[in-house]
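1. Following is a predicted model, sequence given first.
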Amino acid sequence: MDKLLLHVGPTTIKEDILIAGLENNVGFTSKEFVDAFSYSLKGLRYVMGVSKNYQPFIIPGGGTSAMESVTSLLKNKDKVLVVSNGVFGDRWEQIFKRYPVEVKVLRPSPGSYVTPEEVEEEVQKDNYKMVTLTHVETSTGVREPIKDVAKRIRNKVELIVVDGVSSVGAEEVKAEEWGIDVYLTASQKALGAPAGLGLLVLSPKALEVLNSEESIAGYYLNLRNWLPVMRSTEEGKAMYFSTPPVHVIMQLAEAFRLIEKEGIENRIKRHSVIASAIRTGIEALGLEIVAKRPESYSNTVTGVILKVVEPSKVLSETINEGVEFAPGVHPAFKYFRIGHMGWVTPNDAIVAISVIERTLKRLGEPIRFGEGVKAVQEYLSSAR
């Protein structure tokens, strides 16, 4: 049986993207790779909503390597405010505590988000060098209103950094217009490429800070070491710092080609429609969503709370039905997660709710059986 992957990452990968990585005899100086790398750097600017004033970086690893590379912009005893809406927002704290900086964390009640007013209030209390935000918290599906937060604190803090691992390519992102200094993501989520890459764009202000000799960053993830490679490669000239994941970058280039073909606005709209359809089906079944406030619902992740059945049992049963969802990772909830990003389609929403509906009925979870798929169909028929 073919499996539908509705995990929170990696996500389903189109065959054209997979095939792009099957080239043999390609090295990091080969023209076909340099061309793919250069195209990918330009594609990254496109999905981040920035001009050539911003410098793109594509480095090995993933979202976490991109996050830790942000230490390139910090020096000894700098103060950092972490705005965390869940498990992956907390990762910022775990990273920074390994370095000689001062960290303060703002947290909401589980399933909610730190409001722009709360962020502004805290920023005014101290001299923070950097504020980190998580656009979509993968553990809960909660979306932070990045634009509103940035508007309130832009002139009160030197650097604003946004983790867009579960948002870029599916949510509106206008890093330059919003005044964000670092926007980062990973290859395997809404961009729909294989895992293995951390992606960032840096503002002119961030690039100025990067020039400091006092950075606390280590060696491999120090963006100063990667900067000459990015600039040279974008101009079509191969340059070496460390061997890049050649074939994954070639696959990423194909993903960016397909994203540009679809158009970023169309892509965001598609994600919004599918996400809303899935939540409509979940709510029609009488189930509760982890994200407590509708304005914080995301286009990419929905957490589904269970009252009776163990989430692990649901996940094993739905895999037998041909759909793989993601386990919950936030300790405050008994839940599982639906990933609806990348190359997801409206038909995937129908399949997802159908499988959830049948599985929960069979396992004994109290639901309004028959209402889920009906609600999704009605929503999709009116959304087009």
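-> Nice, I can see it.
2. Against Lys31, how distant is Pro228?
-> 19 Å (CB to CB, to the nearest Å). Where C-beta positions appear, they are placed from N, C-alpha and C, glycine not excepted.
3. Quick check: buried residues in the helix or strand hosting Lys151?
-> In the assignment (DSSP states H and E), Lys151 maps to helix 146-153. Within helix 146-153, the residues that qualify as buried are Ile146, Val149, Ala150, Arg152, Ile153, counting by 16 or more other CB atoms under 10 Å.
4. can I have the helix or strand harbouring Tyr46 written out in CSV, keeping just the CAs?
-> Here Tyr46 sits within helix 31-48, counting by DSSP H and E. The C-alpha coordinates for helix 31-48 follow below in CSV (Å, rounded to 0.1, in the frame of the first residue of the first chain):
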residue,chain,number,x,y,z
LYS,A,31,29.1,23.5,-13.2
GLU,A,32,25.7,21.8,-12.7
PHE,A,33,26.1,22.0,-8.9
VAL,A,34,27.3,25.6,-8.9
ASP,A,35,24.4,26.5,-11.1
ALA,A,36,22.0,24.7,-8.7
PHE,A,37,23.5,26.3,-5.7
SER,A,38,23.4,29.8,-7.2
TYR,A,39,19.7,29.3,-8.2
SER,A,40,18.9,28.0,-4.7
LEU,A,41,20.3,31.1,-3.1
LYS,A,42,18.2,33.3,-5.3
GLY,A,43,15.2,31.1,-4.6
LEU,A,44,15.7,31.5,-0.9
ARG,A,45,15.5,35.3,-1.3
TYR,A,46,12.2,34.7,-3.2
VAL,A,47,10.5,32.7,-0.5
MET,A,48,11.8,35.0,2.3
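5. Just give me how far that helix sits from the chain centre.
-> Chain-centre distance of helix 31-48: 19 Å, with CA atoms, centre = their mean, to the nearest Å.
6. For that helix, give me every contacting residue.
-> Applying CB atoms under 8 Å, 6 or more residues apart in numbering, the contact partners of helix 31-48 are 20, 23, 26-27, 51-52, 54, 56, 58, 164, 168-169, 173, 175-176, 183, 191, 199, 201, 230, 233-238, 244, 246, 249-250, 252-253, 256-257, 259-260, 264.
7. Show me which of those residues are buried.
-> Taking 16+ other CB under 10 Å as the criterion, what is buried in the contacts of helix 31-48 is 20, 54, 56, 58, 164, 168-169, 173, 175-176, 183, 191, 199, 201, 230, 233-234, 244, 246, 249-250, 252-253, 256-257, 259, 264.
8. Could you list which of the residues you listed belong to helices?
-> 175-176, 230, 233-234, 246, 249-250, 252-253, 256-257, 259, 264 (DSSP state H).
9. Which members of the residues you listed are the farthest-apart pair?
-> With CB to CB as the measure, no two of those lie farther apart than Glu176 and Val246, at 29.7 Å.
10. give the contact list for His7.
-> Taking CB under 8 Å, 6+ apart as the criterion, His7 is in contact with Glu324, Phe325, Ala326, Gly339.
11. So the last one sits against Thr300, correct?
-> Yes - at 6.8 Å, Gly339 counts as touching Thr300 under the criterion of CB atoms under 8 Å.
12. Next, show the common contact partners of those two.
-> Common contact partners of Gly339 and Thr300 (CB under 8 Å, 6+ apart): Val8.
13. tell me the contacts of the closest residue to Val149 other than its chain neighbours?
-> Nearest residue to Val149 in three dimensions, chain neighbours excluded: Pro116, at 4.5 Å (CB to CB, 6 or more residues apart in numbering). The contact partners of Pro116, by CB under 8 Å, 6+ apart, come to Pro145, Asp148, Val149, Lys151, Arg152.
14. With Ser354 instead?
-> Contact analysis of Ser354 by CB under 8 Å, 6+ apart lists Gly372, Val373.
15. re earlier: Gly339 and Thr300: who's more crowded?
-> Legend: neighbour count by other CB atoms under 10 Å for Gly339 and Thr300, higher for Thr300 (30 against 26).
16. okay but that one is in contact with Gly164, surely?
-> No - using CB under 8 Å as the test, Thr300 is too far from Gly164 to be in contact (10.3 Å).
17. list residues touching both of the two?
-> Common contact partners of Thr300 and Gly164 (CB under 8 Å, 6+ apart): Val136, Glu171.
18. In a helix, Asn347, correct?
-> Yes - using DSSP: H, G, I helix; E, B strand; the rest coil, the assignment for Asn347 is a helix.
19. Relative to Met341, how far out is it?
-> As judged by CB to CB, Asn347 and Met341 stand 15 Å apart.
20. Neighbour count: these two, which is higher?
-> Using other CB under 10 Å, the more surrounded residue of Asn347 and Met341 is Met341, with 30 against 11.
21. For the spatially closest residue to His247 that is not a sequence neighbour, give me its contacts.
-> Once flanking residues are discounted, His247 sits nearest to Gly21: 4.0 Å by CB to CB, 6+ apart. Going by CB under 8 Å, 6+ apart, Gly21 touches Pro194, His247, Val248, Met250, Gln251.
22. Torsion angles phi and psi at Met67?
-> Dihedral angles of Met67 (phi, psi; degrees, to the nearest 10) stand at phi -60, psi -50.
23. Perfect, that will be all.
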